[in-house]
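Student: coordinates only, sequence not included:
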């Protein structure tokens, strides 16, 4: 699913610095095809404790081990069911996380004490280069404070985490812009924990088995709960302009209007800041978090977001908007 250039590589001096930091128990932020990750040595307890502190991440949230090559998966998991292997063969490296039975040596801090471990093989060439140079797996949740929007550029990481991250590897804007799909194969019936651009239908067709859909609880536990600090409200297309005009008249603080409809009549009020996103799912996904991060720094009263089309190809993004606007 990736068309990222293999020429996009980390300069050797920066790569060596990153490896030195990781081997010394530090953290490094780096790009993946989905969002930027905050990497730490998956076999180093103190390094992972540092990562939890930097992210302010709850201790009951497990981490995913990021690997460069499929032949490394067996070092971390006890078994790979045939259906999971089909997904690995088709989509790895790529925006897919598989939860599988763990080996006994995997640290409890990685799995939050559970019997399974998440495995992902990012397709971004810089991520794979870094993991290979380091020589073993990295845990790498999104490089943001827990509960806030995932970063899709190096600047997002710097703005949010600052000096707590000694090195941010800049690979430009992320190709996809939303988090990976997470599927749990550690139980009798596979379960979708979080849907990304690899959708449930695609997974089931490829794996050849029934996969239980994600529910609100599983999505939240898997990390699909990122919100901007500014109040965000979803609004139907046919009421968007009217609602924006009314809200701007009732409050002197400016508001943002995030929309995709080309034919939308925008209110003329100077306190309404329109932000148009692409009217197709992949383009919308790539720009969504970046737009919300920008607007979050604009001292707005609220962010009014146009509800997305009721079409299957928009299902994943509708779920993200539901989480973003949930209070």
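Tutor: That came through, no problem. In this text the structure is predicted, and so the values were computed from the model without any measurement. Residues are numbered from 1 along each chain as shown.
Student: would you check that residue 103 makes contact with residue 75?
Tutor: Yes: counting by C-beta atoms under 8 Å, residue 103 touches residue 75, with 7.3 Å between them. C-beta coordinates here come from the backbone N, C-alpha and C atoms, glycine included.
Student: tell me where this protein has strands.
Tutor: 28-30, 37-41, 64-66, 96-101, 116-120, 138-139, 181-184, 191-194, 232-235, 255-259, 272-276, 302-306 (DSSP state E).
Student: measure the closest residue in space to residue 206 that isn't next to it in sequence to residue 84 for me?
Tutor: Among residues not flanking residue 206 along the chain, residue 90 sits closest, at 5.1 Å (C-beta to C-beta, 6 or more residues apart in numbering). Using C-beta to C-beta, to the nearest Å, residue 90 is found at 11 Å from residue 84.
Student: looking only at neighbour counts, state which of these two leads.
Tutor: residue 84 (24 against 16; other C-beta atoms under 10 Å).
Student: nearest spatial neighbour of that one, skipping sequence neighbours?
Tutor: residue 185 (4.2 Å).
Student: wait, isn't that neighbour in contact with residue 82?
Tutor: No: between residue 185 and residue 82 there is no contact under C-beta under 8 Å: 10.0 Å.
Student: okay, the two: which has more neighbours?
Tutor: Set residue 185 next to residue 82 and count neighbours by other C-beta under 10 Å: residue 185 wins out with 26 against 10.
Student: mind listing what that one touches?
Tutor: Residues near residue 185 by C-beta atoms under 8 Å, 6 or more residues apart in numbering: 80, 81, 83, 84, 98, 99, 100.
Student: test for you: state the pLDDT assigned to it.
Tutor: Residue 185 carries a pLDDT value of 97.
Student: list of residues touching the longest helix seen in the chain?
Tutor: Counting residues, the longest helix found in the chain (DSSP state H) is helix 281-296. Helix 281-296 has contacts (C-beta under 8 Å, 6+ apart) with 35, 149-153, 156, 173-178, 197, 226, 228-230, 232, 256, 258, 260, 273, 275, 277-278, 303, 308, 313-314, 316-317, 320, 324.
Student: where does the prediction get shaky in this protein?
Tutor: 1-7, 216-225, 327 (pLDDT under 70).
Student: show me how it divides into domains.
Tutor: As assigned by automatic domain parsing, the chain contains the domains 12-221, 232-324.
Student: winner for burial among these?
Tutor: domain 12-221 (a mean of 19; mean count of other C-beta atoms under 10 Å).
Student: for residue 232, give me its contacts.
Tutor: 292, 302, 303, 304, 305, 324, 325.
Student: quick one: which of those is nearest to residue 109?
Tutor: residue 324 (29.1 Å; C-beta to C-beta).
Student: that closest one contacts residue 229, correct?
Tutor: No: using C-beta under 8 Å as the test, residue 324 is too far from residue 229 to be in contact (11.5 Å).
Student: hang on, the earlier thing: tabulate the strands of the chain (JSON lines), appending distance to residue 55.
Tutor: Formatted as JSON lines, the strands of the chain follow (distance: least, C-beta to C-beta, whole Å):
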{"stretch": "strand 28-30", "distance to residue 55": "11"}
{"stretch": "strand 37-41", "distance to residue 55": "6"}
{"stretch": "strand 64-66", "distance to residue 55": "13"}
{"stretch": "strand 96-101", "distance to residue 55": "17"}
{"stretch": "strand 116-120", "distance to residue 55": "16"}
{"stretch": "strand 138-139", "distance to residue 55": "11"}
{"stretch": "strand 181-184", "distance to residue 55": "18"}
{"stretch": "strand 191-194", "distance to residue 55": "17"}
{"stretch": "strand 232-235", "distance to residue 55": "22"}
{"stretch": "strand 255-259", "distance to residue 55": "26"}
{"stretch": "strand 272-276", "distance to residue 55": "28"}
{"stretch": "strand 302-306", "distance to residue 55": "24"}
